[in-house]
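*Asks:* return atomic coordinates for the entry below.
(2 chains)
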Amino acid sequence: AQSVTQLGSHVSVSEGALVLLRCNYSSSVPPYLFWYVQYPNQGLQLLLKYTTGATLVKGINGFEAEFKKSETSFHLTKPSAHMSDAAEYFCAVGPLSSASKIIFGSGTRLSIRP
Amino acid sequence: NAGVTQTPKFQVLKTGQSMTLQCAQDMNHNSMYWYRQDPGMGLRLIYYSASEGTTDKGEVPNGYNVSRLNKREFSLRLESAAPSQTSVYFCASSEYRGNSYEQYFGPGTRLTVT
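*Replies:* Below is the predicted model:
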């Protein structure tokens, strides 16, 4: 079975500071991993994904994430936070096959202080 | 190319009323999903359909039924709405091809049951 744990339901950083959102996963096979962003009153938008190949994945809006198999982690980072980054971020893992589904973490709300 | 569309965007129901949430995708995806999102609980899978003609229960199927009408459309029905079903409902579709996978979300339906 697969599972996802997001550490910290709420993270607050100052504008211009490093953003680090933590995600750990559990999977019996090499996983597909995703980060989604949800702005207030909107749907989910794919930020980036890891399938195979390079373990450092770059996404939209300056975000990137690194797949670390030894640590079962897929943390999301951005060097310099912007006010527009304030949103909820979801990590997800899966699917194992075309007949299965992806599993979402519980989400981390990112706030940016001026 | 509209992606994933959902109707309605907002709905208020009285306890015991029924309604159907509609979802359609134009990306020729095989898999479709219904999630609900509640504060602090992330996204929880209600039902999914891995392909036309098949449906499976997710984490929280009680009180809901689904129909995969054709490859494009996947509807969610509440037969007798309850206040506990007040939530934001998201439809999604996905495609899985070898080492490539992605899932797209609709804009959501905000449902209030009084």
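
*Asks:* what is the burial count for B:Tyr89?
*Replies:* When neighbours are defined as other C-beta atoms under 10 Å in any protein chain shown, B:Tyr89 has 22 of them. Yep, even glycine has a C-beta here, placed from its N, CA and C like the rest.

*Asks:* assign a three-state SS to it, would you?
*Replies:* For B:Tyr89, the assignment made with DSSP: H, G, I helix; E, B strand; the rest coil gives strand.

*Asks:* list the buried residues for the lowest-mean-pLDDT helix or strand in chain B?
*Replies:* Of all helical and strand segments in chain B, the minimum by mean pLDDT, DSSP states H and E falls on strand B:100-105, at a mean of 82. For strand B:100-105, a neighbour-count test (16 or more other C-beta atoms under 10 Å in any protein chain shown) marks B:101-105 as buried.

*Asks:* stretch B:37-55 too?
*Replies:* For stretch B:37-55, burial by neighbour count (16+ other C-beta under 10 Å) applies to B:37, B:42-50, B:55.

*Asks:* repeat for stretch B:73-88
*Replies:* Residues of stretch B:73-88 classed as buried by neighbour count (16+ other C-beta under 10 Å): B:73-76, B:78, B:81, B:85-88.

*Asks:* nearest to B:Asn28, of those residues?
*Replies:* Using C-beta to C-beta, B:Glu73 comes nearest to B:Asn28 of the buried residues of stretch B:73-88, at 12.7 Å.

*Asks:* quick one: contacts for that closest one?
*Replies:* Residues near B:Glu73 by C-beta atoms under 8 Å, 6 or more residues apart in numbering or on different chains: B:22-24.

*Asks:* right, I'll leave it there.
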